[in-house]
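Novice: test case, fold it:
(one chain, ligands or ions: 3)
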Amino acid sequence: MIVDSLLSNAKAYLNREIVDCNLAIENGKIFKIGKEAHMPQADETTNLRNLLVLPGLIDAHVHLRDEGKAYKEDFYTGTAAAAAGGVTTVLDMPNNAPVTMSAETLRNRMKIAEKKALVDIGFYSEFPASTDEIASIVAEGAMAFKLFMACQIGGLNIDDDSALENAFSKVSELNVPVVVHAEDRALLATAEEKLKKRRHHDAAAFLEAHSENVELKAIERLLKLGAKTKARLHICHVTTSTGLAAVAEAKKAGRAVTCEVTPNHLLLSSEDFKRYGSLFAIMPPLRSSNHIEALWRGVTDGWVDIIGSDHAPHTLKEKTASSIWEVKVGVPGLETTLPLMLTMVHKNRLGLATMVDLLSEKPARLFNLTDRGRIDKGKRADLVVLDFNRKFKVDAAKFHSKAKYSPYNGWELQGKPVKTFVNGLLTMDEGEILAKAGSGEILRRNHA
Ligand code: DOR
Ligand code: ZN
Ligand code: ZN
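Specialist: Ligands and ions are numbered 1, 2, ... in the order given. As a prediction, this is how the structure comes out:
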């Protein structure tokens, strides 16, 4: 038999070990892993010259925009950024124009994405106004429902506990998770109003409004609703020690709850935000060092399940309004997540195995992406090849994302993705996109 391609002289991360091997790829899947003498012939061979190969990243928190917000990012530029960053699967957030919250908006989004995607994309839906619509959204293939608690975005009234309870019960029946941005709308709105009246519009005011308590209150409310309904909850971007402790307690009690942190909340602080200003405005905001340390402990002790980038591109103009209340919150992240985390591995802040768990294995498990997340026979050939020791400076001007700025611009990092294979296809090589638009696939939730 002659297989499609062969990756020779790889140092591949297999089953928590780094193994010298060759990888044969057939039909987008890993066909065989073995020593050179035992490998089948191939149409094409790439000599990886002892570079490290990890499973491609699965980034469960990405805002790809497109449609009415294509001026910020579109499916092509967003997935090009993913491929450049070693990310082979992304899950797309629903705060779009129009908001993804019906079978029709979801179907339409999939149709547009299908022609532009360079990596695989799964989609979240916001909750619709009527729980009767939930089943049709699930049938269309939504990966999970997103609940944005900081202000009203979806159809479901976020202030109404009984509405949330009904919706959670419904998704629990259908065995679909709910992913949540946990900040309490009412607390946030009251604080913001007060600060605006006093004409406070700097980073400190933003931090005061988005207090630790705003996150904790939302998490506590959610955990109560989760306990009542048995819904599977996933808390996005946990940023506080108290929020994480509440999640850890719920986990200890055996509840179906998981959580994510972002590289931003691990590596940047509220002091950075105050110093550098609006470009560093994200939501929930950057925190002080005691919270950062708690998040790191959560990462190393296993309370944190996954790392997601929260890639949230905006135009530079939107990022630089004079009042913090006018600034669009969010920063791009797809092209920096992996090099940042590899740099932390070099600094012994993080073990390589923990990193792969957080970036690939656990997101696959959480979202039932059973065909990926590990390098193994029969799994998809979604791979990132690293120059593990290479040092380089982040140059945001060269990003594939439309958002060509970064809080990490100019940082010297160590560890660079040099090739990304998506479904066996060499999609990125040394920063260059080689695949055609539409080579990525649209994912629908696997209910098996
Ligand atoms: O920083 C953020 N950006 N936080 C959010 O919750 C939304 C996101 C965005 O869509 O820009
Ligand atoms: Zn969010
Ligand atoms: Zn987000």
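
Novice: residue 225 and residue 163, how far apart?
Specialist: Here the criterion is CB to CB, to the nearest Å. By it, residue 225 lies 10 Å from residue 163. (Each C-beta comes from the backbone N, C-alpha and C, glycine too.)

Novice: which other helices and strands does the lengthiest helix in the chain contact?
Specialist: What stands out as the longest helix in the chain, according to DSSP state H, is helix 212-229. For helix 212-229, the elements it packs on are helix 161-173, helix 185-197, strand 233-235, helix 241-252, judged by 3 or more CB pairs under 8 Å, 6 or more residues apart in numbering; DSSP states H and E.

Novice: show me what the last one is packed up against.
Specialist: Packing contacts for helix 241-252, counted by 3+ CB pairs under 8 Å, 6+ apart, involve helix 212-229, strand 257-261, helix 289-301.

Novice: can you name the residue of the stretch 251-400 of the chain nearest to ligand 1?
Specialist: For the stretch 251-400 of the chain and ligand 1, the shortest gap (CB to the nearest ligand atom) falls at residue 330, measuring 2.8 Å.

Novice: returning to what we had before: so of the helices and strands packed on helix 212-229, which one's packed in deepest?
Specialist: Highest mean neighbour count among the helices and strands packed on helix 212-229 (mean count of other CB atoms under 10 Å): strand 233-235, with a mean of 26.

Novice: and that one, how far from the chain's centre?
Specialist: 13 Å (CA atoms, centre = their mean, to the nearest Å).

Novice: tell me if it is near ligand 1.
Specialist: No. Shown here: strand 233-235 not in contact with ligand 1 (CB under 6 Å from any ligand atom), separated by at least 12.6 Å.

Novice: do stretch 117-125 as well
Specialist: No. Shown here: stretch 117-125 not in contact with ligand 1 (CB under 6 Å from any ligand atom), separated by at least 11.9 Å.

Novice: so which bits of that stretch are buried?
Specialist: Neighbour-count burial for stretch 117-125, with 16 or more other CB atoms under 10 Å as criterion, is recorded at 117-125.

Novice: widest-spaced pair of those?
Specialist: Pairwise distances across the buried residues of stretch 117-125 (CB to CB) peak at 22.8 Å, for the pair 118 and 125.

Novice: how close does the residue of the stretch 101-250 of the chain found nearest ligand 1 sit to residue 391?
Specialist: The minimum distance from the stretch 101-250 of the chain to ligand 1, using CB to the nearest ligand atom, falls at residue 181 (5.0 Å). Using CB to CB, we find residue 181 at a distance of 35 Å from residue 391.

Novice: looking at the two, which is more packed in?
Specialist: More crowded of residue 181 and residue 391, by other CB atoms under 10 Å: residue 181, with 22 against 12.

Novice: residues contacting that one?
Specialist: Residues in contact with residue 181 (CB atoms under 8 Å, 6 or more residues apart in numbering) are 146-150, 236-237, 283.

Novice: show me what contacts the residue nearest to it when sequence neighbours are not counted?
Specialist: Leaving aside its sequence neighbours, residue 181 sits nearest to residue 148 (CB to CB, 6 or more residues apart in numbering; 4.7 Å). Residue 148 sits next to 95, 126, 154, 158, 180-181 when contact means CB under 8 Å, 6+ apart.

Novice: in helices only, show me these.
Specialist: Per DSSP H, the contacts of residue 148 never map to helices.

Novice: up against ligand 1, what does the stretch 1-150 of the chain have?
Specialist: Residues of the stretch 1-150 of the chain lying near ligand 1 (CB under 6 Å from any ligand atom): 63, 95.

Novice: related to what we said a few turns ago, quickly note the distance from the residue of the stretch 101-250 of the chain closest to ligand 1 to residue 201.
Specialist: 23 Å.

Novice: next one: residue 84
Specialist: For residue 84, the distance to residue 201 - CB to CB - is 35 Å.

Novice: ok, the two, which is more surrounded?
Specialist: residue 84 (24 against 17).

Novice: make sure the more buried one is actually in contact with residue 400.
Specialist: Yes. Contact between residue 84 and residue 400 holds when scored by CB atoms under 8 Å: they sit 5.0 Å apart.

Novice: common neighbours of these two, please.
Specialist: With CB under 8 Å, 6+ apart, residue 84 and residue 400 have common neighbours 335, 433.

Novice: from the contacts of residue 148, pick the one nearest residue 395.
Specialist: residue 95 (28.6 Å).

Novice: who are the contact partners of the residue in the stretch 1-150 of the chain that ligand 1 sits nearest to?
Specialist: Proximity of the stretch 1-150 of the chain to ligand 1 (CB to the nearest ligand atom) peaks at residue 63, 4.5 Å away. Residue 63 makes contacts with 73, 92-93, 95, 310-313, 330, as judged by CB under 8 Å, 6+ apart.

Novice: picking that back up, could you export the buried residues of stretch 117-125 as JSON lines, including pLDDT?
Specialist: Listed next are those as JSON lines, based on pLDDT from 0 to 100:
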{"residue": "117", "pLDDT": "98"}
{"residue": "118", "pLDDT": "99"}
{"residue": "119", "pLDDT": "99"}
{"residue": "120", "pLDDT": "98"}
{"residue": "121", "pLDDT": "98"}
{"residue": "122", "pLDDT": "98"}
{"residue": "123", "pLDDT": "98"}
{"residue": "124", "pLDDT": "98"}
{"residue": "125", "pLDDT": "98"}
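
Novice: dump those to JSON lines, plus secondary structure.
Specialist: Formatted as JSON lines, the buried residues of stretch 117-125 follow (DSSP: H, G, I helix; E, B strand; the rest coil):
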{"residue": "117", "secondary structure": "coil"}
{"residue": "118", "secondary structure": "coil"}
{"residue": "119", "secondary structure": "coil"}
{"residue": "120", "secondary structure": "strand"}
{"residue": "121", "secondary structure": "strand"}
{"residue": "122", "secondary structure": "strand"}
{"residue": "123", "secondary structure": "strand"}
{"residue": "124", "secondary structure": "strand"}
{"residue": "125", "secondary structure": "strand"}
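
Novice: for the helix or strand harbouring residue 43, which strands pair with it and how are they oriented?
Specialist: In this structure, residue 43 is located in strand 41-47 according to DSSP states H and E. Taking DSSP bridges as the criterion, strand 41-47 forms sheet pairs with strand 2-14 (parallel).

Novice: neighbouring contacts of the partner strand?
Specialist: Here strand 2-14 makes contact (CB under 8 Å, 6+ apart) with 18-27, 31-33, 36, 39-55, 352, 356, 375-376, 383, 385, 421, 424.

Novice: let me know the angle separating the longest helix of the chain from helix 161-173.
Specialist: For helix 212-229 against helix 161-173, the angle by axes from the mean of the first three to the mean of the last three CA atoms, to 10 degrees is 60 degrees.

Novice: interface residues of the stretch 151-300 of the chain facing ligand 1?
Specialist: So the stretch 151-300 of the chain meets ligand 1 at 181, 282-283 (CB under 6 Å from any ligand atom).

Novice: residues contacting the closest residue to residue 76 other than its chain neighbours?
Specialist: Nearest non-adjacent residue to residue 76, counting by CB to CB, 6+ apart: residue 116, 4.2 Å away. Contacts for residue 116 were tallied using CB under 8 Å, 6+ apart; they are 66, 74-76, 79, 437-438.
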